[in-house]
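Visitor: 3D, please:
(4 chains)
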There are 2 protein chains.
Amino acid sequence: MSDTELSDTRRRILDAAETLFTEHGFEATTLRQITGRAQVNLAAVNYHFGSKEALIQELFRRRLTWLNERRLEALDRLETEAHGAPLKPSKIVDAFFGVAVNMAADREGGGRTFMRLLGRTYTEPSEFVRGFLASEYSEAVGRFKAALFKALPDVPQEEILWRFHFMIGAMAYAISGADALSIVGETPVDDSAIDALYPRLMSFLLGGLRAPLPALAAAPKPGRKPRTRRAA
Amino acid sequence: MSDTELSDTRRRILDAAETLFTEHGFEATTLRQITGRAQVNLAAVNYHFGSKEALIQELFRRRLTWLNERRLEALDRLETEAHGAPLKPSKIVDAFFGVAVNMAADREGGGRTFMRLLGRTYTEPSEFVRGFLASEYSEAVGRFKAALFKALPDVPQEEILWRFHFMIGAMAYAISGADALSIVGETPVDDSAIDALYPRLMSFLLGGLRAPLPALAAAPKPGRKPRTRRAA
DNA sequence: GTCTATATCGGGATAGAC
DNA sequence: GTCTATCCCGATATAGAC
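Guide: Below you'll find the model as predicted:
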């Protein structure tokens, strides 16, 4: 299961695939490109993984298991320290998104590449990808949802879920959309910008999470502004 | 240029392609599927558009031109009413994102389908897609950036750009990630939820935009919390 | 376990009749 | 402008020698 047990060939294939999928997407990347970059034989992918699809699954499994374990460890630590009291929302957000952004800032181990890939994959329509992403996330997301509900007892739970959703979107796009396509800035987002991302993103996410609650009566029409009840 | 000038065949192809690209992605969708759904001949795509790539470009061009014209009209209206005074940030955000969410709420005209496609496409890595997306957006984004700079003179412009970025991500994921993959909720996001999206998203975006500014000194490490200067 | 060679398929694009 | 038939390519996957 751990990386050290992987044969060198397997590891090289996974690393090459990660890079190429990130740059060109799943469909546009061919086994020939992957095996070429990994300097292994074309047949090696099918020998070691069985199929291209199975390779993709294994690739996500190894990273996501690690990522969500770190998140749960961080949450465990917070809950232990709190002795049953509700956590501060900022701490919860930090535990969930901070671990991810940290992974994205890691250039050496390939975490950076993977997080860009992951961000794009959230919106991937293909059935089998959605399936295993959901199952990889279910435990961690369940725990974090519960923590947020407890931390924000006055905010309707449905609202919390939406805001969790929005937060994930902001992060995903910040990491993967940023260098793929800089719509807002002419200057492409470079490596140093990723390092500066963390505090900026955290401020934004917390501001959104604690925003005044919207009025949900009226039909969604631009020009109308949300009424202000306090969220937290 | 307008839809009415399109031959029926062209329009049917564009509509079918929009739906299929949204459901399965660009690469996974074949010309055979598109022409089959549009009930036109296989050769018609190449006759009318020249290639699959050109079809994709035309598809985005027709929707994005319309979308960004509406955005600029809304901004024009605000600026006219303001007689040169800075606009309220909430109005600017409303003009930019409200138009998009409204388009996403439109089930009949296919706007809903297109917005889901657009959200995914922001993170599309392929070169030619990035190129024309950036050019389609440049004018509108430039104008809105300028309006935000003027509306928030005390916030560093770089920070505003980042937050604009985060806002786009939150919206894109809310619209396209929502039904593609519901990571946070077990219940898939249905049509009525999209209608309720607007006020929720606006509150979140404004909360994020006006969040206290982050301290940018320290290295990005989870566990550290951003210092608080006021953003607006 | 790793290679070469190949089977099999389905893609985009086009030629040329109508 | 629309059709049928087909070209040509490159994809995944596998068979079988080493």
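Visitor: chain A against DNA strand C: which residues are in contact?
Guide: Within chain A, the positions lying close to DNA strand C (C-beta under 7 Å from any atom of the strand) are A:Ser7, A:Thr9, A:Val40, A:Asn41, A:Leu42, A:Ala43, A:Ala44, A:Tyr47, A:His48. The C-beta positions use only the backbone N, C-alpha and C, and glycine is treated the same way.
Visitor: and the residue nearest to the third one when sequence neighbours are not counted, backbone torsions?
Guide: It refers to A:Val40. Among residues not flanking A:Val40 along the chain, A:Thr9 sits closest, at 5.3 Å (C-beta to C-beta, 6 or more residues apart in numbering or on different chains). Per-residue torsions, A:Thr9: phi -60, psi -50 (degrees, to the nearest 10).
Visitor: so A:Thr9 versus B:Val99, what's the distance?
Guide: For A:Thr9, the distance to B:Val99 (C-beta to C-beta, to the nearest Å) stands at 52 Å.
Visitor: who's more crowded, the two?
Guide: Taking other C-beta atoms under 10 Å in any protein chain shown, A:Thr9 and B:Val99 do not tie; B:Val99 has more neighbours (22 against 17).
Visitor: residues in contact with A:Thr65?
Guide: The contact partners of A:Thr65, by C-beta atoms under 8 Å, 6 or more residues apart in numbering or on different chains, come to A:Glu136.
Visitor: pLDDT score for it?
Guide: According to the prediction, A:Thr65 has pLDDT 96.
Visitor: how about whichever helix or strand it is part of: buried residues?
Guide: Using DSSP states H and E, the element containing A:Thr65 is helix A:52-82. Neighbour-count burial for helix A:52-82 flags A:52, A:55-60, A:62-64, A:66-68, A:70-72, A:74-75, A:78-79 (criterion: 16 or more other C-beta atoms under 10 Å in any protein chain shown).
Visitor: next, count neighbours for the residue nearest to A:Phe204 when sequence neighbours are not counted.
Guide: Closest residue to A:Phe204 apart from its sequence neighbours, by C-beta to C-beta, 6+ apart: B:Gly208 at 4.2 Å. Look at B:Gly208: counted by other C-beta under 10 Å, it has 27 neighbours.
Visitor: from A:Ala211, how far out is B:Gly208?
Guide: The value you get for B:Gly208 to A:Ala211, if C-beta to C-beta is used, is 7 Å.
Visitor: same deal with A:Ala85?
Guide: When A:Ala85 is compared with A:Ala211 (using C-beta to C-beta), they lie 24 Å apart.
Visitor: of those two, which one has the most company?
Guide: A:Ala211 (27 against 10).
Visitor: that's a strand at that one, yeah?
Guide: No: assignment of A:Ala211 by DSSP: H, G, I helix; E, B strand; the rest coil gives coil, placing it outside any strand.
Visitor: thought it was touching B:Arg200?
Guide: No: the criterion here is C-beta atoms under 8 Å, and A:Ala211 misses it with B:Arg200 at 9.6 Å.
Visitor: what residues are shared contacts of these two?
Guide: Counting by C-beta under 8 Å, 6+ apart, A:Ala211 and B:Arg200 have no shared contacts at all.
Visitor: confirm that A:Glu27 sits in a strand.
Guide: No: looking at A:Glu27 with three-state DSSP, it is coil, so not inside a strand.
Visitor: quick one: contacts for whatever residue of chain A ends up closest to DNA strand C?
Guide: DNA strand C sits closest to A:Asn41 of chain A, with a gap of 3.0 Å, by C-beta to the nearest atom of the strand. Applying C-beta under 8 Å, 6+ apart, we find A:Asn41 in contact with A:Thr35.
Visitor: the helix or strand containing A:Arg11 vs helix A:52-82, what angle?
Guide: Following DSSP H and E, one finds A:Arg11 within helix A:8-24. Compare the direction of helix A:8-24 with that of helix A:52-82 by axes from the mean of the first three to the mean of the last three C-alpha atoms, to 10 degrees and you get 90 degrees.
Visitor: what's the following helix or strand after helix A:8-24?
Guide: Remark: after helix A:8-24, the chain's next helix or strand is helix A:31-38, criterion DSSP H and E.
Visitor: elements contacting that following helix?
Guide: Applying 3 or more C-beta pairs under 8 Å, 6 or more residues apart in numbering or on different chains; DSSP states H and E, we find helix A:31-38 packed against helix A:8-24, helix A:44-49.
Visitor: again, only this time at 10 Å
Guide: Packed against helix A:31-38 by the contact rule (3 or more C-beta pairs under 10 Å, 6 or more residues apart in numbering or on different chains; DSSP states H and E) you find helix A:8-24, helix A:44-49, helix A:52-82.
Visitor: list the buried residues for it?
Guide: Within helix A:31-38, the residues scored as buried using 16+ other C-beta under 10 Å are A:Leu31, A:Gln33, A:Ile34, A:Thr35, A:Arg37, A:Ala38.
Visitor: how is chain A carved up into domains?
Guide: The record's domain parsing of chain A by automatic domain parsing lists A:7-50, A:60-209.
Visitor: related to what we said a few turns ago, so the residue nearest to A:Phe204 sits right up against A:Gly169, yeah?
Guide: No: assessed by C-beta atoms under 10 Å, B:Gly208 is found out of contact with A:Gly169, at 11.2 Å.
Visitor: got any residues that touch both of the two?
Guide: B:Phe166, B:Met167, B:Ala170 (C-beta atoms under 10 Å, 6 or more residues apart in numbering or on different chains).
Visitor: for the second one, which residues are in contact?
Guide: Taking C-beta under 10 Å, 6+ apart as the definition of contact, the neighbours of B:Met167 are A:166, A:169-170, A:173, A:184, A:204, A:208, B:93, B:96-97, B:201, B:204-206, B:208-209.
Visitor: before we move on, what about the last one?
Guide: B:Ala170 makes contact with A:163, A:165-174, A:204-205, A:208, B:97, B:201, B:204-205, B:208, according to C-beta under 10 Å, 6+ apart.
Visitor: got a pLDDT number for it?
Guide: Model confidence at B:Ala170 (pLDDT) stands at 96.
Visitor: likewise the second one?
Guide: Among the per-residue scores, B:Met167 shows a pLDDT of 97.
Visitor: ok so, going back, if you average pLDDT over each of the domains of chain A, which is lowest?
Guide: Among the domains of chain A, domain A:60-209 has the lowest mean pLDDT, at a mean of 90.
Visitor: what distance separates the start and the end of it?
Guide: Start and end residues of domain A:60-209 are separated by 28 Å (C-alpha to C-alpha, to the nearest Å).
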